[in-house]
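Participant: Next comes the sequence, and after it the predicted model I'd like to discuss.
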Amino acid sequence: MSQLKEILFSTSILTKLNVQLIADTTPAGGTLLLSSEIRQLKIELAKKSNMKYDDIQILFEWMPKLEKFAFIAAKGLTFIEEKQWSIYCDYHGLENVGYDIIFGDAHFYTLPYSDAQFRLSLSTVTTPKACKDKYSTTKNFHLSIDSRYNTKITHHYFPQLDSLTIRNLHKLIPMDNFIDLSQVKHLTVTRNNDINSEDFFSYILVHSTKLESLTLSWYTLVQITKNFTDHRVFSLLKKQIKNLYLLNMTANYDEDKSIPTEMLIKLFSTNLEKLIASVASMGDILLIVNEMFNLYSIKIECSPRIMWHPDDFIFVPGQTPLTSLRFLTFIFIFHFIITCALEIIMTCRVKPIDVRRIQRYNNLLIGIYSAVTFALANILAYRDSRFDSWDRLVCHRPTPNGAYALLWYIFYLSKLWEFLDIYLVILNKTPVLMHFRWHHQTTPSVVLVGLLGDVSYEWPTLVCNSLLHTFMYPHFAGVWNVHRILLVLGASQLLAGLGFSIYALIVGCGGSFYAQIWGLSMYITYTIGYLNEHFHLVDRLRLFISASLNDSKKS
């Protein structure tokens, strides 16, 4: 080291140094300070070197401007063996979990793992680990992984967890391969977890025998209990849970706003000791205090203004307003009667009723709504990871919930709104094409049956229809003339509807078989109407059949 120090003193302008350190019996001496210009350093330690760790540290003190450092050490060095440990790295890439975005970061650590918290996600790129028993110190585990189960997480095993947080999970994965659920005392389920209670939640409850604390949203609670009809999950929750933190307890019941509170009391009144929740009224607070006798700690926020979020929307078939089949039948007949009545009235009139201004504004509003729907459908589909794979986008995907289900529901209501378009056209004494009439008459049934039957290809049909209407209704309002674009978009919508309906039936995509059949049959009729409107296919076929019959009679 003393010789190296002399060299550095005599070559003050040296910026790059490759050195092999073998042995040195002369101490370097620390009385004289040295500050060299070395910016690149490569050290090679020979096998017989007697260099110490402190000697290497002195080198760094001599080279304050060092930028690039290479270190090659032969096996067998005493200080290397003493200071050596394995560094493991888990890289968490950019992650889209619900409407939260977790930015990528790298997690460096040694084994045995010494921290109490650990996180794994689908995007985690992990170095191979052979020591599954080195994570016993982990008490809080955050798991963020969707249906694309990453088998690399089985390199880990967590035997002493107190708390488990689940994000973005949509189906059961073999958790017992890497978690001892019997030790878990607190479970947190974040938003956007489309969890099947039969597959997943009952599995966790059965195996988490010490579970007593639960954090989740009201929507998730409704979902895992199947709207409080799953008796097995219901009884397990009632028996085990003592501490409950309920997020966004919203009342999506128009008939009786107290239903959520009553369900909460029915489910947790027996054993619940601690409750944190938000409610819609002071009456709910009094109801909870009077009925939950075992509570010793309670924190309830009463603020109706923050009670609702689009992702708290719960679509309940038949209970969500205007979604029952009885209503659908009624509105079908009602619209037909109103249409016929208006046509009879306008036949008796010489002049039309001047509603052109109303019609123009209505067309503009529908066009703006369609553009917003087109944008939101893609944004929410991306947020919910629908674009991760073709299968997830159009075939097998979690049941839409929250904001996406709300968008689909509003899209259905917009089809009822389009009835007004027919009425205004008739009042203007403008001829109504049969294709136009039939399309408006039946599209509410196609959308609602798809919503009730949870057809898996709603995204392409919703996007194609909203894109078509974005151009079509402003065209009707006189904003622009895009007739050729409408021909292409109309054909694209029909091809998408027919193609995905057939694809879903052949491949066996998710959703009701009868809903898929209904959608396919309606798209066939729309295609026939489109071809007749633009190419007079039906008229030509009718003339051909008539001519053939006349020829056969003559012969």
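Facilitator: The structure has been received and is ready for your questions. Numbers count the residues shown, from 1 in each chain.

Participant: that's a helix at Leu531, yeah?
Facilitator: Yes: counting by DSSP: H, G, I helix; E, B strand; the rest coil, one finds Leu531 located in a helix.

Participant: how many other residues sit next to the residue nearest to it when sequence neighbours are not counted?
Facilitator: Of all residues not flanking Leu531 in the chain, Leu537 sits nearest, at 4.1 Å (C-beta to C-beta, 6 or more residues apart in numbering). Bear in mind the C-beta positions are built from the backbone N, C-alpha and C, glycine included. When neighbours are counted by other C-beta atoms under 10 Å, Leu537 registers 15.

Participant: Just the pLDDT for Leu537.
Facilitator: If you check Leu537, the pLDDT there is 79.

Participant: Quick check: it touching Thr527?
Facilitator: No: counting by C-beta atoms under 8 Å, Leu537 does not reach Thr527; the two are 9.7 Å apart.

Participant: secondary structure element for the nearest residue to Ala277 once chain neighbours are set aside?
Facilitator: In space, Ala277 comes closest to Leu246 once its chain neighbours are excluded; the distance is 4.1 Å by C-beta to C-beta, 6+ apart. Following DSSP states H and E, one finds Leu246 within strand 243-247.

Participant: ditto for Thr329
Facilitator: helix 325-347.

Participant: buried stuff in that helix?
Facilitator: Neighbour-count burial for helix 325-347, with 16 or more other C-beta atoms under 10 Å as criterion, is recorded at Phe327, Leu328, Ile331, His335, Thr339, Leu342, Met346.

Participant: so which of these comes closest to Lys42?
Facilitator: Among these, Leu328 lies closest to Lys42 (C-beta to C-beta), at 77.9 Å.

Participant: State the pLDDT value of the closest one.
Facilitator: 92.

Participant: Do I have it right that it meets Thr443?
Facilitator: No: if you go by C-beta under 8 Å, Leu328 and Thr443 don't touch, sitting 11.6 Å apart.

Participant: Wasn't Phe69 part of a helix?
Facilitator: No: going by three-state DSSP, the assignment for Phe69 is strand, not a helix.

Participant: pretty sure it contacts Leu41?
Facilitator: Yes: if you go by C-beta under 8 Å, Phe69 and Leu41 touch, sitting 5.3 Å apart.

Participant: Looking at these two, which is more packed in?
Facilitator: Leu41 (20 against 14).

Participant: The helix or strand harbouring that one - contacts with which helices or strands?
Facilitator: Applying DSSP H and E as the criterion places Leu41 in strand 40-45. Applying 3 or more C-beta pairs under 8 Å, 6 or more residues apart in numbering; DSSP states H and E, we find strand 40-45 packed against strand 16-21, helix 53-62, strand 68-73.

Participant: try 6 Å this time
Facilitator: Secondary-structure packing of strand 40-45 (3 or more C-beta pairs under 6 Å, 6 or more residues apart in numbering; DSSP states H and E): strand 16-21, strand 68-73.

Participant: send the alpha carbons of that strand over as PDB?
Facilitator: Only the C-alpha atoms of strand 40-45 are listed here, as PDB (Å, rounded to 0.1, in the frame of the first residue of the first chain):
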ATOM      1  CA  GLN A  40     -11.500   4.900 -13.000                       C
ATOM      2  CA  LEU A  41     -10.100   2.100 -10.800                       C
ATOM      3  CA  LYS A  42      -9.800  -1.600 -11.300                       C
ATOM      4  CA  ILE A  43      -8.500  -3.700  -8.400                       C
ATOM      5  CA  GLU A  44      -7.600  -7.400  -8.800                       C
ATOM      6  CA  LEU A  45      -6.800  -9.300  -5.600                       C
END
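
Participant: who does it pair up with?
Facilitator: Looking at strand 40-45 with DSSP bridges, its partner strands are strand 16-21 (parallel), strand 68-73 (parallel).

Participant: Domain ranges for this structure, per the record?
Facilitator: Listed by automatic domain parsing, the domain ranges of the chain are 2-83, 87-312, 325-541.

Participant: Quick one: those as TSV, columns for distance to Gly318 too.
Facilitator: Shown next, in TSV, are the domains of the chain (distance: least, C-beta to C-beta, whole Å):
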stretch	distance to Gly318
domain 2-83	69
domain 87-312	11
domain 325-541	8
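
Participant: Which of those domains comes out lowest on mean pLDDT?
Facilitator: When I compare these, domain 2-83 is least confident, with a mean of 64.

Participant: OK, contacts around Val432?
Facilitator: Listed by C-beta atoms under 6 Å, 6 or more residues apart in numbering, the contact partners of Val432 are Val425.

Participant: Tell me which helix or strand it sits in.
Facilitator: Going by DSSP H and E, Val432 is not in any helix or strand.

Participant: measure it to Leu247 for me?
Facilitator: Using C-beta to C-beta, to the nearest Å, Val432 is found at 50 Å from Leu247.

Participant: What of Arg232?
Facilitator: Separation of Arg232 from Leu247 (C-beta to C-beta): 24 Å.
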